[in-house]
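Chemist: A structural model of the following input is requested.
(chains A and B)
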Protein chains: 2
Amino acid sequence: MKVGIIGSGQLGWMMIIEGRKLQNSYYVLDDKPGPAARLADSYIPVSEYKKFVDACDIVTFEFEHVSEQALLYAEKKDKLRPGIDSVSLKRDRAAEKEFLSANGIPVAEYSISDSREDALKSARAFGKAVIKSSRGGYDGKGQFYYNALGKGGKIRLPAGERFVVEEFIDFDFEASVIASRGEDGTKRFHIPSFNRNVGGILFFNEAPFRDYGMRDVASKILDALEYVGVMGVEFFIRGGRCIVNEIAPRVHNTGHHTLHGSSISQFEQHLRTITGLPVPEPLLYKPSGIVNAVGVEITREKEERLMRIPETHSYPYGKGELRRRRKMGHVNVNAHTVRELRERRRRVIEILYGSEPEAYFLP
Amino acid sequence: MKVGIIGSGQLGWMMIIEGRKLQNSYYVLDDKPGPAARLADSYIPVSEYKKFVDACDIVTFEFEHVSEQALLYAEKKDKLRPGIDSVSLKRDRAAEKEFLSANGIPVAEYSISDSREDALKSARAFGKAVIKSSRGGYDGKGQFYYNALGKGGKIRLPAGERFVVEEFIDFDFEASVIASRGEDGTKRFHIPSFNRNVGGILFFNEAPFRDYGMRDVASKILDALEYVGVMGVEFFIRGGRCIVNEIAPRVHNTGHHTLHGSSISQFEQHLRTITGLPVPEPLLYKPSGIVNAVGVEITREKEERLMRIPETHSYPYGKGELRRRRKMGHVNVNAHTVRELRERRRRVIEILYGSEPEAYFLP
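Modeler: Modelled structure (predicted):
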């Protein structure tokens, strides 16, 4: 099949690597060529989105913010998987909250505000809150903490936006599940992972992690959307209960550990699902996790040191320019026990960042 | 690094897939573009072998019979890994036998003949024998059985060739080990596999298998050649002892199971080794094996059925033309137990071939 991928970042890059064993060709659409463009059978600039959609049998995306027109046109041609409803939710945090809430999915208390003043008023009412721009946010962008995470009650919100104001959840853990649903309604779940985010960006994760009801909740979301493809669902765990933080209607950073030590990667799972191929229940062979390389290059010297660690694979994304808080790559680690995994992770972090890793993640 | 691969078949194709996470670009040289050419950063026809070698930092090969000139030129430029000595052995069965024998490696009794008449005389003396053309043979090509495998004593040998005449080994099992040696002498071994060959072509294999001293023997061969890269060493096991059948100075069909359920694939192991990156000892996470698709296409309909089997991945090589005895793809299978692996393998074989698989392998 001819599979179109909207966006040419690292998610598309890994999708193509993992998808080479499938009998597909890969077309990539973006406004400038990222890592996936180098591996694609064809790179097409956004201006030619119609040609791109027309050439493909099925269209998916690895980033929601590339081209609204391309998404809409692919949906109109009945080629978009997952469909436009899921993308719209992801691109509109207010709609996402209302959808989840209406479907009985546990979310943080929230209110929606159409002005800065109203947003701040709601935040004051919660005491501690997160104010999120309803549109355009990812990786911690467009998020403002009110009386939480060391921030006070004085924040500058952008003008003319809609906001979602959420009760600040003082969680015990963050966790996620990588789930998929096929056209026929079959749902598949990877074992959940524990995630450590810093400054709104994933620092590291590890699986297995306890379920806390996450797979049931993900299942409800997938069915409610009549979703087709892989979805990443991020949760807060507080007092042994799960609360949905956000959903990602695509392969997700917290699923990269499935590249090694799982029976199927989230990338192959996604491609099989959107092209109508079967996916047996994913198995986790070994404790698995990743460390993100954020704002640091995986140099050859670091690569050599990383590769001395058993069961470790590094994925440098080959993005030219190093920028602060930019995801430049990640490192997969497996181990025989969770204790050993953590020890290896400690070594990976030290090699990538030295002694103060968290400084690289903070805005 | 710029890595050159001589040959553009399925071994190069998988090497590039597995090598995409490494910071290399891949140049492929062949007389016509095979599967690897589609994935390479650049495909170069053999006539331009000098340009190819000059453009690369390191040159390896996935097939020994593409271009003698390219191999020699890469060796001259000190870029060929493994080196020319290993290739020469592979391309000259008489030299291979004499080298192994001189290094105390257990091989079948043999003699070398420079005429058909002399070869037949030697075969008669052994009673049961295999007569092999010294040059150009692979996948059972150029091999003639004398009073063995249902053949009688009347065989037609080609004229004007040199032959290796070997005592026919009535083995208990065939097995192999995938081994590597780095520039610094570090050696790494995958757990050996049991292999079932039919008509000189691999039908299926499975790991783990008992060692029978194979890793020690492989280690001696690697050191004797001052080898750099991955080598596949094939053995006969008879009465609990291992006898080298042949060596392959490259990634090998009996190592494809390392793509799933191992801590590192033979392809990444090879690329890391030839580019001077470390390789920790490979681990086998789960019972693993493959089934070759020989002379049959992995159609979309077969692919769908295969993918319903848990822990199963199919690798169709995308070679245009289906030919008798041609390797068109393979299927990886993992399982929790060896018994379960065999049951799944039985299903894979039935899907690929129906009820008479071995007929597809016989000449």
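
Chemist: Strands of the stretch 101-250 of chain A, start to end?
Modeler: Here the stretch 101-250 of chain A has its strands, by DSSP state E, counting those that start in this stretch, at A:110-113, A:129-133, A:143-146, A:163-167, A:173-181, A:187-189, A:193-198, A:201-207, A:229-238, A:241-248.

Chemist: Could you see whether chain B lies near the longest one?
Modeler: No. No part of strand A:229-238 sits close enough to chain B to count as contact by C-beta under 8 Å from any C-beta of the partner chain; the gap is at least 15.6 Å. Where C-beta positions appear, they are placed from N, C-alpha and C, glycine not excepted.

Chemist: quick one: strands adjacent to that strand?
Modeler: Partner strands for strand A:229-238, per DSSP bridges, with pairing direction: strand A:173-181 (antiparallel), strand A:241-248 (antiparallel).

Chemist: The first one too?
Modeler: Here strand A:110-113 has these sheet partners by DSSP bridges: strand A:163-167 (antiparallel).

Chemist: can you check the shortest one too?
Modeler: For strand A:187-189, sheet partners with direction are given as strand A:173-181 (antiparallel), following DSSP bridges.

Chemist: Contact partners for the closest residue in space to A:Pro280 that isn't next to it in sequence?
Modeler: Nearest residue to A:Pro280, sequence neighbours excluded (C-beta to C-beta, 6 or more residues apart in numbering or on different chains): B:Pro310, at 4.1 Å. Going by C-beta atoms under 8 Å, 6 or more residues apart in numbering or on different chains, B:Pro310 touches A:263, A:280-281, A:283, B:335, B:344.

Chemist: Among these, which one has the most neighbours?
Modeler: When neighbours are taken as other C-beta atoms under 10 Å in any protein chain shown, the top entry among the contacts of B:Pro310 is A:Ser263 (24 neighbours).

Chemist: And that residue, how close does it get to B:Thr312?
Modeler: Distance from A:Ser263 to B:Thr312, counting by C-beta to C-beta, to the nearest Å: 9 Å.

Chemist: residues shared between the contacts of those two?
Modeler: A:280, B:334.

Chemist: Number of residues surrounding A:Leu149?
Modeler: Neighbour number of A:Leu149 under other C-beta under 10 Å is 11.

Chemist: Now it. Its backbone dihedrals?
Modeler: phi 50, psi 40 (degrees, to the nearest 10).

Chemist: where does it sit relative to chain B, distance-wise?
Modeler: Counting by C-beta to the nearest C-beta, to the nearest Å, the gap from A:Leu149 to chain B is 34 Å.

Chemist: Please name the residues that touch that residue.
Modeler: So A:Leu149 contacts nothing (C-beta under 8 Å, 6+ apart).

Chemist: can you list the domains in chain A?
Modeler: A:2-80, A:109-167, A:173-360 (automatic domain parsing).

Chemist: Report the contact partners of the spatially most central residue of chain A.
Modeler: Closest to where the C-alpha atoms of chain A average out (C-alpha atoms, centre = their mean) is A:His252, at 3.1 Å. Neighbouring residues of A:His252 by C-beta under 8 Å, 6+ apart: A:176, A:178, A:230-232, A:234, A:266.

Chemist: Nearest to chain B among these?
Modeler: A:Gln266 (14.4 Å; C-beta to the nearest C-beta).

Chemist: nearest spatial neighbour of the closest one, skipping sequence neighbours?
Modeler: A:Gly255 (3.7 Å).

Chemist: hang on, that neighbour in a helix?
Modeler: Yes. Under DSSP: H, G, I helix; E, B strand; the rest coil, A:Gly255 falls within a helix.

Chemist: Confirm for me that it is in contact with A:Met231.
Modeler: No. Between A:Gly255 and A:Met231 there is no contact under C-beta atoms under 8 Å: 9.8 Å.

Chemist: Show me whatever sits in contact with both of the two.
Modeler: A:Ile178.

Chemist: more crowded one of these two?
Modeler: With neighbours defined as other C-beta under 10 Å, A:Gly255 and A:Met231 compare such that A:Gly255 has more, 31 against 27.

Chemist: just the residues of the stretch 251-363 of chain A that are near chain B, which are they?
Modeler: Proximity of the stretch 251-363 of chain A to chain B, by C-beta under 8 Å from any C-beta, involves residues A:260-261, A:263-264, A:268, A:272, A:277-281, A:283, A:285-286, A:298, A:300, A:303-304, A:307-316, A:318, A:334.

Chemist: picking that back up, report the secondary structure element holding the residue nearest to A:Pro280.
Modeler: Counting by DSSP states H and E, there is no helix or strand that carries B:Pro310.

Chemist: got a pLDDT number for it?
Modeler: The confidence metric pLDDT takes the value 98 at B:Pro310.

Chemist: how much space is there between it and B:Arg344?
Modeler: B:Pro310 is 7 Å from B:Arg344, by C-beta to C-beta.

Chemist: For A:Leu80, find the nearest of the strands of the stretch 101-250 of chain A.
Modeler: Judged by C-beta to C-beta, the one of the strands of the stretch 101-250 of chain A that comes nearest to A:Leu80 is strand A:229-238, at 9.7 Å.

Chemist: show me what contacts the closest residue to A:Leu100 other than its chain neighbours?
Modeler: Nearest residue to A:Leu100, sequence neighbours excluded (C-beta to C-beta, 6+ apart): A:Val107, at 5.0 Å. By C-beta under 8 Å, 6+ apart, A:Val107 lies in contact with A:97, A:100-101, A:243-244.

Chemist: ok, the residues you listed vs A:Leu39, which is closest?
Modeler: Once C-beta to C-beta is applied, the member of the contacts of A:Val107 that ends up nearest A:Leu39 is A:Val244, at 33.0 Å.

Chemist: List the contacts of that closest one.
Modeler: Going by C-beta under 8 Å, 6+ apart, A:Val244 touches A:100, A:105-107, A:217, A:221, A:233-235.

Chemist: Can you check what angle separates the strand or helix carrying A:Arg272 from strand A:173-181?
Modeler: According to DSSP H and E, A:Arg272 maps onto helix A:266-274. Taking axes from the mean of the first three to the mean of the last three C-alpha atoms, to 10 degrees, one finds helix A:266-274 and strand A:173-181 inclined to each other by 30 degrees.

Chemist: counting contacts, what elements does helix A:266-274 pack onto?
Modeler: Applying 3 or more C-beta pairs under 8 Å, 6 or more residues apart in numbering or on different chains; DSSP states H and E, we find helix A:266-274 packed against helix A:10-19, strand A:58-61, strand A:173-181, strand A:229-238.

Chemist: could I get these as CSV with mean pLDDT and distance to B:Lys151?
Modeler: Formatted as CSV, the helices and strands packed on helix A:266-274 follow (pLDDT from 0 to 100; distance: least, C-beta to C-beta, whole Å):
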stretch, mean pLDDT, distance to B:Lys151
helix A:10-19, 98, 45
strand A:58-61, 98, 52
strand A:173-181, 98, 53
strand A:229-238, 98, 54
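
Chemist: Near the nearest residue to A:Leu39 once chain neighbours are set aside, how many residues? Count them for me, please.
Modeler: Spatial nearest neighbour of A:Leu39, chain neighbours left out: A:Ile16 (4.5 Å); criterion: C-beta to C-beta, 6+ apart. Neighbours of A:Ile16 under the rule other C-beta under 10 Å: 29.

Chemist: need the contact list for A:Ile16.
Modeler: Listed by C-beta under 8 Å, 6+ apart, the contact set of A:Ile16 reads A:5, A:26, A:28, A:36, A:39-40.

Chemist: State the distance from it to A:Leu222.
Modeler: Distance from A:Ile16 to A:Leu222, by C-beta to C-beta: 25 Å.
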